[in-house]
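K.L.:
here is my input, please return the structure:
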Amino acid sequence: MSALFPLPEKHLLPRMLRVKECLRDGLGRDITYLRLSVTARCNLVSAYSPAPDSLKSLSSPMTRQEVLRLAQVFTSLGARKVRLTGGEPLLRRDLEPLIAGLSPEVEGRVHLSTNGLLLARRARGLRDAGLAGINLRLDAADRESFRRLSGRDGLSRALAGLDAARAVGLETKLNAVVLRGANEDQILPLARLAQREGVQIRFIEYMPHTGSTLHQGATAQPHLANGWRGGRFMAAAEIFQTLLQGLGQTLEPEPSLGPEEGPARLFRIPGSAALVGIIATLSTPVCDRCHRVRLSSRGLLKACIFANEPVDLLGPLRHHATHEELVRLVRQALTQKVECPALPLGQSGLPWGPWQVGG
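P.N.:
As a prediction, this is how the structure comes out:
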């Protein structure tokens, strides 16, 4: 740990001695993974994320101390991994001290999702602050495709960020969301990039994404802020077949990961250190493998990304709620968690309420 980010004077007890009763949802699953959005701002456009205009009506984001206070509620209930998401988390200037405050809470298991454009110059500081690893969003492997998908000529900066992260010892993975008619031609080039670099890449099904109408009145209707259309959806099975045909070789299945590592099915490219993951967000039910909750940059708890109404934790915190009162709110929200409804892939509407949360 760098002297710039010293550990607290009073070291925390081992987790097994700190957690009295783990957090469980209404389906009996232990919740051990917190995805924490630290900003709604982003420095890239995206074909599958909400438009910036859909974020303008939201209240101000949490301060660092508020982020840490709410994160401690979850770590006190057994959360043992935190992933910082956005928007683009690196747009927060105080990200390093925030990580330094979080890292002892989860014994170093703090990870970051980023597009990598600002990563090269901050990788060392992030690592010194206690960051364990990054997931780098990379939806294209060539310059023109990257520009078309993101609105910026940023591929070289993203790859420089990847190199810098690996150089300082951060665990690195690549994430690519696949949209038919947009970047399915990038599946094989991205797999080849991962093969050359010896890193893991995960291909993710395109998900519907609602706009944030929560603060615009109870009668507001959910809308699809990321242009969801069933015709753009490419199922995991088809992504996998595209990989097999392009690589011209069989992929070797890897053992299942722990619950905090997500629902990816992993395969090794023979003769390479590279792993290829397939994440079926819609075509294959993943509820039985879900051990996570999400907290937005405005302090809204989402027990399930597809179902359940969000619960405001920031309001009570700003009105001086105690730790115990916040714990009760979290337990109540998770107890009410239900199986998420299935989405017919051909429809344009959503069977659940309005929501927008990073990561």
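K.L.:
can you pull out the strands in the stretch 51-200 of the chain?
P.N.:
Assigned by DSSP state E, counting those that start in this stretch, the stretch 51-200 of the chain shows strands spanning 81-85, 110-114, 131-137, 171-178, 200-205.
K.L.:
need the ones you listed in a markdown table (columns: distance to Leu301 and mean neighbour count).
P.N.:
From N, CA and C alone the C-beta is placed, and that goes for glycine too. Listed next are the strands of the stretch 51-200 of the chain as a markdown table, based on distance: least, Cβ to Cβ, whole Å; neighbours: other Cβ atoms under 10 Å:
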| stretch | distance to Leu301 | mean neighbour count |
| --- | --- | --- |
| strand 81-85 | 14 | 24 |
| strand 110-114 | 19 | 24 |
| strand 131-137 | 22 | 22 |
| strand 171-178 | 24 | 22 |
| strand 200-205 | 23 | 23 |
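K.L.:
so which of those gets nearest Ala160?
P.N.:
Nearest of those to Ala160, taken as Cβ to Cβ: strand 131-137 at 11.0 Å.
K.L.:
ranges for the helices of this protein?
P.N.:
15-18, 64-75, 95-102, 123-129, 143-150, 155-167, 187-197, 236-247, 314-318, 323-335 (DSSP state H).
K.L.:
of all those, which one is nearest Leu174?
P.N.:
Between the helices of the chain, helix 187-197 lies closest to Leu174; by Cβ to Cβ that is 6.0 Å.
K.L.:
still on that earlier bit, dump the helices of the chain into a markdown table; add mean pLDDT, distance to Val38 and mean neighbour count as well.
P.N.:
Below are the helices of the chain laid out as a markdown table (pLDDT from 0 to 100; distance: least, Cβ to Cβ, whole Å; neighbours: other Cβ atoms under 10 Å):
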| stretch | mean pLDDT | distance to Val38 | mean neighbour count |
| --- | --- | --- | --- |
| helix 15-18 | 49 | 23 | 10 |
| helix 64-75 | 97 | 6 | 19 |
| helix 95-102 | 98 | 7 | 22 |
| helix 123-129 | 98 | 13 | 21 |
| helix 143-150 | 96 | 20 | 17 |
| helix 155-167 | 98 | 18 | 19 |
| helix 187-197 | 96 | 27 | 19 |
| helix 236-247 | 96 | 29 | 16 |
| helix 314-318 | 97 | 13 | 17 |
| helix 323-335 | 96 | 18 | 16 |
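K.L.:
now the ones you listed in TSV, with distance to Leu27?
P.N.:
Shown next, in TSV, are the helices of the chain (distance: least, Cβ to Cβ, whole Å):
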stretch	distance to Leu27
helix 15-18	23
helix 64-75	18
helix 95-102	27
helix 123-129	35
helix 143-150	36
helix 155-167	35
helix 187-197	33
helix 236-247	23
helix 314-318	25
helix 323-335	10
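K.L.:
ok, which of the ones you listed comes nearest Ala303?
P.N.:
helix 323-335 (5.2 Å).
K.L.:
quick one, that closest one and helix 64-75 angle?
P.N.:
If you take axes from the mean of the first three to the mean of the last three Cα atoms, to 10 degrees, helix 323-335 sits at 60 degrees to helix 64-75.
K.L.:
what residues does helix 323-335 touch?
P.N.:
23-26, 31, 70, 72-74, 76-77, 293, 301, 303, 308, 311, 313, 316-317, 321 (Cβ atoms under 8 Å, 6 or more residues apart in numbering).
K.L.:
quick revisit: nearest to Ser297, out of the helices of the chain?
P.N.:
Taking Cβ to Cβ, helix 64-75 is the member of the helices of the chain nearest to Ser297, at 8.5 Å.
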